[in-house]
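Chemist: Need a 3D model of the sequence below.
(chains A, B, C and D)
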Amino acid sequence: MNYTKSELMVVAAARELENDDSVLVGIGKPNLACNVAKRTHAPELKMVYESGTIGSNPSSPPLSIGDPVLASGAVSIEPMRNGFNYYLQAGRLDVGFLGGAQIDKYGNINSTVIGDYDDPTVRLPGSGGACEIAGHVDRTLMVTPHSERRFPEEVDFITSPGFVDGREGREELGLDGGPEAVITDLAVCRFDERGEMYVDTLHPNASREDVRAETGWEIEFADDLGTTPEPNEEELRLIREDLDPNEMYTDQAE
Amino acid sequence: MNYTKSELMVVAAARELENDDSVLVGIGKPNLACNVAKRTHAPELKMVYESGTIGSNPSSPPLSIGDPVLASGAVSIEPMRNGFNYYLQAGRLDVGFLGGAQIDKYGNINSTVIGDYDDPTVRLPGSGGACEIAGHVDRTLMVTPHSERRFPEEVDFITSPGFVDGREGREELGLDGGPEAVITDLAVCRFDERGEMYVDTLHPNASREDVRAETGWEIEFADDLGTTPEPNEEELRLIREDLDPNEMYTDQAE
Amino acid sequence: MSKVTSMHDAISTGVSDGDSIYLAGFTHLIPFAAGHEIIRQEKRDLELIRATPDLIYDQLIAAGCARKATFSWAGNPGVGSLPAFRRAAEDGIPTELELEEYTHFGLIAALDAGASNLPFAPLRGFIGSDLPEHNDNIARIESPFDDDYVYAVAPIQPDVAVIRAQRADDAGNAHLWGIQGEVKIAGLAADTVILSVEELCSEETIRSDPNRTVITSDDVDHVVHDPYGSHPSYAQGYYGRDNEAYIEWAEIASDVDRVEAWLDEWVYGVENRREYVEKLGAERLLDLQPEHSYATPIDMGAYR
Amino acid sequence: MSKVTSMHDAISTGVSDGDSIYLAGFTHLIPFAAGHEIIRQEKRDLELIRATPDLIYDQLIAAGCARKATFSWAGNPGVGSLPAFRRAAEDGIPTELELEEYTHFGLIAALDAGASNLPFAPLRGFIGSDLPEHNDNIARIESPFDDDYVYAVAPIQPDVAVIRAQRADDAGNAHLWGIQGEVKIAGLAADTVILSVEELCSEETIRSDPNRTVITSDDVDHVVHDPYGSHPSYAQGYYGRDNEAYIEWAEIASDVDRVEAWLDEWVYGVENRREYVEKLGAERLLDLQPEHSYATPIDMGAYR
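Modeler: Alright, predicted model coming up:
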C-alpha cells in the first residue's frame, strides 16, 4: 500500500486502543485514530471529550473538542466539574491522548512556555485538561512529529507529568499509570523500567540515524527493535474517504 | 374569629415570611405557614425543599419533603450536593424552619438523642439537613408546642446551633444569621442582644404564668410585651379549605 | 452486552453478607423491591448507608439483616420515627446496631468524595454541633489561603449501590427525572451497581437526550426491569408516593409481632416484585396514577 | 419582574472598568455578542476569566479591554494559538497582560469553590506539574484522615458573569442543553449575572421540565434576548459552530492592522447583534442550520 507518514501515525495510534477502553479523545490525529479504532478492531471504544460528552459518536470529525456533533447522540453529557471530578480523577478513563511543544526523555510534556515562565520566548496555550489527564489515565499516548526541538532531554516547564524523574518519581507522587507510547513520524517509542523513552519500532524507511538526529539526548533502541506495521487498506480507506477527506489532519497518498 | 392554637401557630409563622424570601420549607406546620404566606402577603415567596426542588408550587400539601407534587411544576430540581453546596452553604436561602425535641435558651436545637449519645434514653431521628440550615440561613424559625421538657435551659446535645453560648459564641464560629423566632402554642419568643430567648408576644388567653410553667429556665418577658395578633378570616379559610382540610397538621375550630 | 437480569439474580450475585450497601434515593425512587429481595435472601451483617434510612432500612433492620447504619436522618418523613431502627439502636432488638452519624450535607459530601476519589470533602457543616465529637470521619481543617476553616469528611465508598431510574437501555445507560437526590454519586462511589428501572428503552432513546443521563453503562453491573419497584416510594411520572403506606408503617412497626406478620405477608410471602404488585391490586395502582404532563420538547439538532 | 433588556443596557449597567468578568461556556454557547458590546463600550482594565479564553477574549485583548487573563488553555481549538493573547503576554501589545494560570480542572474547581462559598476546593490536580510554583492560589494540603494529599485552589468569584442558554423566561429561569461546561457555576459564583438566550419562553415551559434548569431568576440580574448571540460559537439545536470563522481568525489575528480592520467592520461597525447577524447573511445562517432532532419526551406527571 501507498501511504504517508501522517497516515501511518494515525493508524499506529489507533492500534494502541483496545476494545473496552474509555479514551479521552484529543483533536486532530487522536480523533482520527479513535475513529479508525472504533470502526475496525475496537467497536466498543467509549469516546469521552474534555467538554463533558461521554460516548460520543460524531457523524463527522469535529474541529474542537466541544463541537455539536459530539453532543448530539452522545450517551451522556456532564458539566465540566463532574467530568474532571468523577470521570478523570476517579480513574474512569483508561487512555488519554496528549500533545505538546516539548516531550522529554521521561515523557514529561511542556505545553506552557518556551524559555522562562515569567518572560517567555514563546507563550504556549497552557495545560487545559492535559496535566490531570497525564496524572490520571492508565496510558498516555502522544502523537507528534520527531524533531530535536520537540524532544529535549529535559522540558523547559513540566505542564503534564510523565514519569517525572523516573518511574519511582511518579509513584512517590501517588500517580498511577503513565506514558505508554510516543508515536512520531519516524518511530514508535515506549518507556523502559526506569521510565526512560526508547525506540520500540522504527517506521518503514526510517533509520536509527534519523531518530538520533531528531532527538535531544542519546535515545536507546530496543534489543529486539522492530518495524512499525503498515496501515492496511481498510484503515486507509476510512481516513481518506470517511474521516479526513479534506486532509485537515493528514497528508494523504494518492 | 374562632380559631385553635395550632391555627394561630401556623398564621404567626406565616407572618414571619417576607415577599422576597427564599425559604427552606419543612413538613407539617411550616409547610402550611409558607403556603398561607404565599397565598396572602408573600406571593413571590420562593419555596425550596431539602430534596432539591426549587420554586415548588405544590397543588396539595406534601407529606414528605420529597413528594412528587414538589417536583412537578418546580422551577428547578438540584441533586442533593448542589442543593446543600450552592444553595444552602452559599447563602442563597433567607429563612429555614426547624423543629426539635429540645430547644434551649440560646435557641440551640436537639433532634439527636435524649440522654447520653452512646446510650440514649430516646434515639431521635438526627440532624438531617437541620444543622447546616441552622448555620446558614439568615433567620431560623421554630414552631413547637411549649413544654418544660421541650424547653430545657441547656439541650442534651446540640444538633443545630442557635446562638451556641450567646451571640458572640455564634459569631466566633463564623456563622451569620441565627434564630429569629420560636412560635409555640403560648407565645412568640425572640432573642435579645445576648442571644437569649425572651417572650415577645403572648397569645390571646395565655399568661406569663403559663409560659413560666412550661419553660425550663427563668425566661424573660419583653418590656413592651404584646399580644400575638389573631388569624384573619382569609388565613383560616386557606388552612381549613385548601391546605389542611383533613386536619393532618392542625386542629381546627368549627 | 445486555446486563438485564432478575432482581433475584442481581441480589444473589451482587450482595454478600457483611457488605456495605447503599439503597439510593431521596424520597423518590427508593429501591424497595431490592430491599425486599435482600430480606428474602436473608443477607446478614450488612452496613446500611443512606442519608434517610426510610421504611426500607427499617424493614431490613427488623428482618435482622443489619449490623450498622450510616445515616443522617432516621425518621419516617412527615410521620415520625422508625420504630425498628429505634428498637435496634436503643435495645439491640433483633440485633445490635452500630451507628455512624452525619448531617445530610456531611453524608452527601462524603459520598461525593467517594465518587470523586478524593481523600476528603470540605464543607461548612457541623459548625456549632456536637456531632464531630462522636464521629472520627469528621475533622476540622484549616484553609491554606486565609484564617478560615471548614470541616472535612472522609470518603464513603459502598460495596454495593442499588439505584433506580425511570428508564435505561439494556447496557445500563439510564435516564432519571424528578428529584435526583444522591442517586448519581451513590452509583459512582460504589464498587458494584445494581440498576433497577421502570422501563427498558432503546439506546437511541438515551442518546436522544444525553443531558438526562444519570449513569452510564460502564458503571452498571446489573440491570433489572422492575415496574413499581419503588412502591410505596414513587417514580415521577409513573406513580405517586403511597403516603398511606408510610402512615400505616408507623403502627405496624411499633409492634414486633405485627412487623413479623407484615414481612411474612408482603416480603417472604411473595416471590418477586411482580407478585407484590399483583397483591397490591389494580385499585391501589390506579389511585397512585398521575395524569400525564409532558416536558416541553427540546431539539438537540442533527449536525452533519 | 421582567428583567429583559438590551445587551447594550445590560453591559452598560452590569460591567464597570476594572471588573473581573467571566464570559462562560466551553466551546458551546460562548457569549460573543456580549463580548462585542463590551468592546463597543470601550470597557477597560478588565480581568478576563475563563478556562478557554477562545476568540472572544482574543478580540477583547486586541481591543485593549484587558489587564489580566485568568485561564487554563489559551488557544484556538483545533486551529492553533490566540495571536492577540500572545502579543499581549509576550510583548505587551496593545497592553501588558497579567496572567493567572490554572489547569482546566483547577480553574473549574476554583470556580466551584466560589459558587459554593468555600475557602478552597481540593483536587488531585497539578501533581507533578511546575504550575503551583507560579500561582499563589494553588497550595498543597494534607488529608486529615490519612497520609494522602491533594492540592487546593482558592475560590474564584467574578464581579460579572455573562452566561448563555437556549431559552429562559423573562425573570431569568433558564433551560440549557448540550454541552453544559461551567455555565452554572459561573453564574452562581458571580456577583452580577447577565443571561442571554436564543429564545424567550413562558415560565410554564421552564416548570414543565425543572431538571433542565441551569440557573434560576434569583441569580440573574439582566435577561437579554439575542438570537445568534453565540456565533461563531454555537447553540445546540439552533445553529452549528462556524468552524470557518475560527480558522479565519488565525490569519486575521496574526496581523495587528487586520485585527483593527476586522474590529471596525464586525464590532464597531455594527450597532448590535441583530446588525451583525444581518451582515452575516442568510446563506451563512442556512449553512449552520442543523436538522431537527427532538429528545424522546418525558412525563413529569400531574399529581393532585
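Chemist: mind listing the strands for chain A?
Modeler: Secondary structure of chain A by DSSP state E: the strands cover A:22-24, A:46-48, A:53-54, A:76-77, A:95-98, A:102-103, A:109-110, A:113-115, A:120-123, A:139-143, A:178-183, A:187-191, A:197-202, A:220-227.
Chemist: Could you work out which of those strands reaches nearest to A:Ile239?
Modeler: Taking Cβ to Cβ, strand A:139-143 is the member of the strands of chain A nearest to A:Ile239, at 13.8 Å. Placement of C-beta: from N, CA and C, glycine included.
Chemist: avg pLDDT for that closest one?
Modeler: Strand A:139-143 carries an average pLDDT of 97.
Chemist: Sheet-wise, list the partners of it with their directions.
Modeler: In its sheet, strand A:139-143 lies beside strand A:95-98 (parallel), strand A:178-183 (parallel), with partners assigned from DSSP bridges.
Chemist: okay, these, which one's buried deepest?
Modeler: Looking across the strands paired with strand A:139-143 with neighbours counted as mean count of other Cβ atoms under 10 Å in any protein chain shown, the highest average goes to strand A:95-98: a mean of 27.
Chemist: So for that strand, mean pLDDT?
Modeler: Model confidence over strand A:95-98 averages 96 on the pLDDT scale.
Chemist: Contact partners for the residue most central in space within chain A?
Modeler: Of all residues in chain A, the one closest to the mean position by Cα atoms, centre = their mean is A:Met142, 2.8 Å from it. The neighbours of A:Met142, taking Cβ atoms under 8 Å, 6 or more residues apart in numbering or on different chains as the test, are A:Phe97, A:Leu98, A:Gly99, A:Gly100, A:Ile103, A:Gly107, A:Ile109, A:Pro179, A:Ala181, A:Val182, A:Ile183.
Chemist: quick one: contacts for the fourth one?
Modeler: Under the criterion of Cβ under 8 Å, 6+ apart, the neighbours of A:Gly100 are A:Ile109, A:Asn110, A:Ser111, A:Ala130, A:Met142, A:Thr144, A:Val155, A:Thr159, A:Ser160.
Chemist: and the two most separated of those residues?
Modeler: Greatest spacing in the contacts of A:Gly100, by Cβ to Cβ: A:Thr144 and A:Thr159 (13.9 Å).
Chemist: who's more crowded, the two?
Modeler: Neighbours per residue (other Cβ atoms under 10 Å in any protein chain shown) separate A:Thr144 from A:Thr159, with A:Thr159 holding more: 29 against 20.
Chemist: Tell me if stretch A:50-67 is near chain D.
Modeler: Yes - in terms of Cβ under 8 Å from any Cβ of the partner chain, part of stretch A:50-67 sits within range of chain D, namely A:Glu50, A:Ser51, A:Gly52, A:Thr53, A:Pro62, A:Leu63, A:Ser64, A:Ile65, A:Gly66, A:Asp67.
Chemist: That should have said stretch C:194-207, apologies.
Modeler: Yes - Stretch C:194-207 lies within reach of chain D by Cβ under 8 Å from any Cβ, at C:Cys201, C:Thr205.
Chemist: Could you check that stretch and say which residues are buried?
Modeler: Buried residues in stretch C:194-207, defined by neighbour count with 16 or more other Cβ atoms under 10 Å in any protein chain shown: C:Ile194, C:Leu195, C:Ser196, C:Val197, C:Glu198, C:Cys201, C:Glu203, C:Thr205, C:Ile206, C:Arg207.
Chemist: Sticking with the first one, tell me its helix or strand.
Modeler: Secondary-structure assignment from DSSP states H and E places C:Ile194 in strand C:192-200.
Chemist: So in that sheet, which strands flank that strand, and in what orientation?
Modeler: The strands beside strand C:192-200 in its sheet (DSSP bridges) come out as strand C:160-168 (parallel), strand C:222-225 (parallel).
Chemist: Out of those, which is the most enclosed?
Modeler: Sort these by mean neighbour count, taking mean count of other Cβ under 10 Å, and strand C:160-168 sits at the top with a mean of 29.
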